[in-house]
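Student: Here is my input, please return the structure:
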Amino acid sequence: MANAKVLAGSTRLKQTIRILNDHWLLTEATWGDSVRRSFEERHLAPLTPAVDSAVIGLQKLADVLDQVRRDCSDGSEYS
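Tutor: Numbering: from 1, shown residues only. Model prediction:
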């Protein structure tokens, strides 16, 4: 089922950004200078909203794929 793979990818993306953020927090104990703050602002901070947007898009894509599957079905699956 194509939409299941889309949703699985969405879940994996959310888990990956969560892991990245967890690991990033661990660096704070040993790295707290302006370079770290700059890196976080320029590279990491934009990731979370981008991932959130991607997840929403993937969920919408899964819904569309479901609708396409229903529309293209011969109806025997739902009888």
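
Student: Tell me where the protein has helices.
Tutor: Secondary structure of the chain (DSSP state H): helices at 2-27, 34-39, 47-72.

Student: in the first one, what's buried?
Tutor: Yep, that's helix 2-27 we're talking about. 3, 6-7, 10, 17 (16 or more other Cβ atoms under 10 Å). In short, each C-beta sits where N, CA and C put it, glycine included.

Student: Redo those residues as JSON lines? Include distance to Thr27 and pLDDT.
Tutor: Listed next are these as JSON lines, based on distance: Cβ to Cβ, whole Å; pLDDT from 0 to 100:
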{"residue": "Asn3", "distance to Thr27": "37", "pLDDT": "83"}
{"residue": "Val6", "distance to Thr27": "32", "pLDDT": "91"}
{"residue": "Leu7", "distance to Thr27": "31", "pLDDT": "91"}
{"residue": "Ser10", "distance to Thr27": "27", "pLDDT": "95"}
{"residue": "Ile17", "distance to Thr27": "16", "pLDDT": "97"}
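
Student: Distance to Trp24 added to these, as CSV?
Tutor: Converted to CSV, these look like this (distance: Cβ to Cβ, whole Å):
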residue, distance to Trp24
Asn3, 32
Val6, 27
Leu7, 26
Ser10, 21
Ile17, 10
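
Student: what comes up buried for stretch 56-69?
Tutor: For stretch 56-69, by 16+ other Cβ under 10 Å, it's 58, 61-62, 65.

Student: And the furthest pair within the residues you listed?
Tutor: The largest separation in the buried residues of stretch 56-69, counting by Cβ to Cβ, is between Leu58 and Leu65 at 10.3 Å.

Student: Please enumerate the shared neighbours of those two.
Tutor: Residues touching both Leu58 and Leu65 by Cβ atoms under 8 Å, 6 or more residues apart in numbering: Val6.

Student: Now do the contacts for the most centrally placed residue in the chain.
Tutor: Closest residue to the average C-alpha location of the chain: Leu13 at 3.6 Å, with Cα atoms, centre = their mean. Contact partners of Leu13, counting by Cβ under 8 Å, 6+ apart, are 51, 54-55, 58.

Student: For ChimeraX, what selects the buried ones among those?
Tutor: To isolate in ChimeraX the members of the contacts of Leu13 that are buried, counting by 16+ other Cβ under 10 Å, one can use:
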select :51,55,58
